[in-house]
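Colleague: give me coordinates for this.
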Amino acid sequence: MHLDLRPRIPYIGVSGVLKASVRSDLVWRLAALIYMPVFRGRHLKSGTRNKSDVGKLSQQYTYLAGLFLWLTSPALASAFVSQFSSCSSIREAALPMIHSPFSIRGDYHCTALNAERSGPTYFEWLGRQAELKLRPQPYQGLRLKIERDLAVLLMRSSYEVADELDFVPMNDFQKDFFTFRQAEWEDYVGAFPPLSVRQGELTQPSYFDFISFAQYCTLNEEMRHGKLAFVELVSAEGEKRVVRRSDDPSLPQDNSLLPAEHSRRVGDRILQRLLEAPEVYAPRLSGRGGGGGGDVGVEEVVEDVKRIVDLFTAKQFNQGGEVKMLAEKEGARKGGAAWQGMKLKVTSRAPANLWSLQSLMFRNEPLLNDFEGKAVRAYLQGVGKKEGTYAVQVQGNDVVHTFSW
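Modeller: All right, here's what the predicted structure looks like:
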């Protein structure tokens, strides 16, 4: 499988931006202005010269020029209007918008005869510009370097679980991952002072934020088009093997279930590795230490989750954390089962995945890189206190994970 991405101007469809910005009335109105002339143009015969239609078209493209003023620059908006002013028909104006690449120089040729089908279309380019304008800006505050073992653990666990779930040939995933991060790199580092982000330096929070975003965007795309059977390259010598997801009944056969299973397995791996690491204080958790698993109360759960968050802080993944249990009930406090109506809030301050998590949420991706949340969920599952609902929010520079029963 190959992602529909181009090296110079990456593909971000307008529909994807709309889906991610569903609460924005402005985006919906702008989309209506964009699509209206195109749909009209696609249904008119070639050579139509209707003054009324051309007048309406000119008005609509005036609105589009205003959009370009917002997205790019007055110079580009002027070039855009001048190109379309020479169009003699709606079809002549509309078809290039569907098929032709739009040059950054403003050379948008108003003729269907010169339409090219290679490279990003106008809508793809416009969607890309809209996403860059609307999505969160990278965090540029001071953060300490992440300890390498944790950074590697988070990236490797995400990759290895993807390999286990058998939804894409991993040689294809690696190629698509490379293509995506190359396409996104210049736009990301452009938000920072020159040479401040070192490519390949996984312990640098700003680079980890970027590479984790690229990894999880690629994972989400591959899951949406997950294959049940495929041929995978397994060696540099060209050795291949046939993989069928149905051969393992424990794997989800429905692609829509892949994100949840991926999150669960990654959380288990992260928690297990953190608790086994001899180089940190590796606390003995009340509910999991020594393989135990009796019923635990609120105090034990809160204390254990604090220890998990402290592990991330000790590894310098975040700048500190806080754990609170809200709406506590006396029955649960004593170790009973009356957890209904309770909420566990885990706050992580300026974590290394702050921007990437925000950006994935902006894109409305089902699979998030909420690593601390995954680890806490794995713990709760292990002590028999699996939450009823889970939500993650970004509040300023804090990431808040909320577990509700």
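Colleague: how far away is the residue lying closest to residue 368 once chain neighbours are set aside from residue 399?
Modeller: Leaving out its chain neighbours, the residue that sits closest to residue 368 by CB to CB, 6 or more residues apart in numbering is residue 360, at 5.2 Å. Glycine gets a C-beta too; all of them are placed from N, C-alpha and C. Using CB to CB, to the nearest Å, one gets 12 Å for the distance from residue 360 to residue 399.
Colleague: intersection of neighbour lists for those two?
Modeller: Counting by CB atoms under 8 Å, 6 or more residues apart in numbering, residue 360 and residue 399 have no common neighbour.
Colleague: helix or strand: which one has the residue nearest to residue 368?
Modeller: helix 354-362 (DSSP states H and E).
Colleague: ranges for the helices of the stretch 101-250 of the chain?
Modeller: For the stretch 101-250 of the chain, the helices defined by DSSP state H, counting those that start in this stretch cover 122-134, 148-165, 170-189, 205-224.
Colleague: could you dump these to TSV with distance to residue 297 and mean pLDDT?
Modeller: Converted to TSV, the helices of the stretch 101-250 of the chain look like this (distance: least, CB to CB, whole Å; pLDDT from 0 to 100):
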stretch	distance to residue 297	mean pLDDT
helix 122-134	45	69
helix 148-165	30	97
helix 170-189	43	92
helix 205-224	35	96
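Colleague: follow-up on the earlier one: tell me which residues in the helix or strand just after the helix holding residue 360 are buried?
Modeller: Under the assignment DSSP H and E, the closest C-terminal helix or strand after helix 354-362 is helix 371-382. By 16 or more other CB atoms under 10 Å, the buried positions in helix 371-382 come out as 371-380, 382.
Colleague: before we move on, the earlier item: tell me the most buried of the helices of the stretch 101-250 of the chain?
Modeller: helix 205-224 (a mean of 22; mean count of other CB atoms under 10 Å).
Colleague: okay, the angle between it and helix 170-189?
Modeller: Relative orientation of helix 205-224 versus helix 170-189 (axes from the mean of the first three to the mean of the last three CA atoms, to 10 degrees): 140 degrees.
Colleague: tell me what helix 205-224 is packed against?
Modeller: helix 148-165, helix 170-189, helix 258-276, helix 354-362 (3 or more CB pairs under 8 Å, 6 or more residues apart in numbering; DSSP states H and E).
Colleague: tilt between it and helix 258-276?
Modeller: 140 degrees.
Colleague: convert the C-alpha atoms of helix 205-224 to PDB, please.
Modeller: The C-alpha trace of helix 205-224 is given here as PDB (Å, rounded to 0.1, in the frame of the first residue of the first chain):
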ATOM      1  CA  PRO A 205      11.600  16.700  22.800                       C
ATOM      2  CA  SER A 206      10.900  18.900  19.700                       C
ATOM      3  CA  TYR A 207      12.100  16.200  17.400                       C
ATOM      4  CA  PHE A 208      10.400  13.400  19.300                       C
ATOM      5  CA  ASP A 209       7.200  15.400  19.000                       C
ATOM      6  CA  PHE A 210       7.600  15.500  15.200                       C
ATOM      7  CA  ILE A 211       8.600  11.900  14.600                       C
ATOM      8  CA  SER A 212       5.900  10.500  16.900                       C
ATOM      9  CA  PHE A 213       3.300  12.600  14.900                       C
ATOM     10  CA  ALA A 214       4.600  11.200  11.600                       C
ATOM     11  CA  GLN A 215       4.600   7.600  13.000                       C
ATOM     12  CA  TYR A 216       1.000   7.800  14.200                       C
ATOM     13  CA  CYS A 217      -0.300   9.600  11.200                       C
ATOM     14  CA  THR A 218       1.100   6.800   9.100                       C
ATOM     15  CA  LEU A 219      -0.300   4.200  11.400                       C
ATOM     16  CA  ASN A 220      -3.800   5.700  11.200                       C
ATOM     17  CA  GLU A 221      -3.700   5.900   7.400                       C
ATOM     18  CA  GLU A 222      -2.500   2.300   7.100                       C
ATOM     19  CA  MET A 223      -5.200   1.100   9.500                       C
ATOM     20  CA  ARG A 224      -7.900   2.800   7.500                       C
END
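Colleague: ok, back up a step: will you turn the helices and strands packed on helix 205-224 into JSON lines that also has distance to residue 309?
Modeller: Rendered in JSON lines, the data for the helices and strands packed on helix 205-224 read as follows (distance: least, CB to CB, whole Å):
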{"stretch": "helix 148-165", "distance to residue 309": "13"}
{"stretch": "helix 170-189", "distance to residue 309": "28"}
{"stretch": "helix 258-276", "distance to residue 309": "11"}
{"stretch": "helix 354-362", "distance to residue 309": "15"}
